[in-house]
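1. Fold the following.
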Amino acid sequence: MVIHNPDVQTYAKLLQRAENEGIFVIQINMGSAYRSTGFVGANWIEIGEKDAEGVVKACEGKSNKIAIVQGALSAAASAYTLKGVENVLAKHPEIKVVSSQAADWDAAKAKAIVQTVLKQNPDLCGIVGFWDGMDIGTAAAVKEAGLTGKVFVATSGGGERKGACEQVKAGGFDLDLSYDVPTQAAQMGSLIKYLISSGAKPGSVKGSSYTTLIPITKENADSAMACWNLGDLKK
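-> Okay, here's the model as predicted:
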């Protein structure tokens, strides 16, 4: 079974039951509270740290006011990304978080949140968003306020060209950390082959295969290696 968990609890007991009954369970990107035989995906704490570091650096000499746009509070990706952000902010007491709200992976909600934050804090210097599909709304709110290039927007995503590289080139995102979905698929395929041929009993071993992150900025957004095209994968 390959599982993409909506949150950390929903499938936890079912995944444990599956492995107890002899079925390998591999979790992809969004982890459960139950640690199954394999996990393939992003290191969300690392993503939170790197995005926060980018925002902190961009805020040097400015207001030091930042906003955080979380995903769904119960999702592993959101909870662990927030932990990474908090790790960095603990080292930078000069940074003031004026808003930290959940947009539930919804671009419209993210836009509404950021619109309100910018009205209340027009001198905001940075935003840490938790997913580029949602942060299209974040970028739209910044653009409508005439603050593109003045408010540093950091986010993350799967690295699809239109949603990542093109957004960076257009100025919507200043930093988009890609966990490169095609690479994850290859890692997952290799892990499945290994487990099936290993002779190991489901649940008897535990392992994680973290994806190498690709920081997408204006410096590399034109690179053929930074992002991928869905059309090419379908060929």
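
2. domain assignment for this structure?
-> Under the assignment automatic domain parsing, the domains of the chain span 2-41+181-211, 44-179+217-234.

3. ok but residue 215 is inside a strand, no?
-> Yes. Counting by DSSP: H, G, I helix; E, B strand; the rest coil, residue 215 is part of a strand.

4. can you start the count at 410 instead of 1 from here on
-> Fine by me, first position is 410 from now on; the one you just mentioned is residue 624.

5. The helix or strand hosting residue 593 - contacts with which helices or strands?
-> Element membership for residue 593 (DSSP states H and E) is helix 590-607. Applying 3 or more C-beta pairs under 8 Å, 6 or more residues apart in numbering; DSSP states H and E, we find helix 590-607 packed against strand 435-437, strand 447-450, strand 616-619. Every residue, glycine included, has its C-beta placed from N, CA and C.

6. Show me what counts as buried in that helix.
-> By neighbour count with 16 or more other C-beta atoms under 10 Å, helix 590-607 contains the buried residues 590, 592, 593, 596, 597, 600, 604.

7. now the residues you listed in TSV, with distance to residue 410 and pLDDT?
-> Below are the buried residues of helix 590-607 laid out as TSV (distance: C-beta to C-beta, whole Å; pLDDT from 0 to 100):
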residue	distance to residue 410	pLDDT
590	19	93
592	21	92
593	16	93
596	17	94
597	12	94
600	13	94
604	11	93
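
8. of the residues you listed, closest to residue 531?
-> residue 590 (36.1 Å; C-beta to C-beta).
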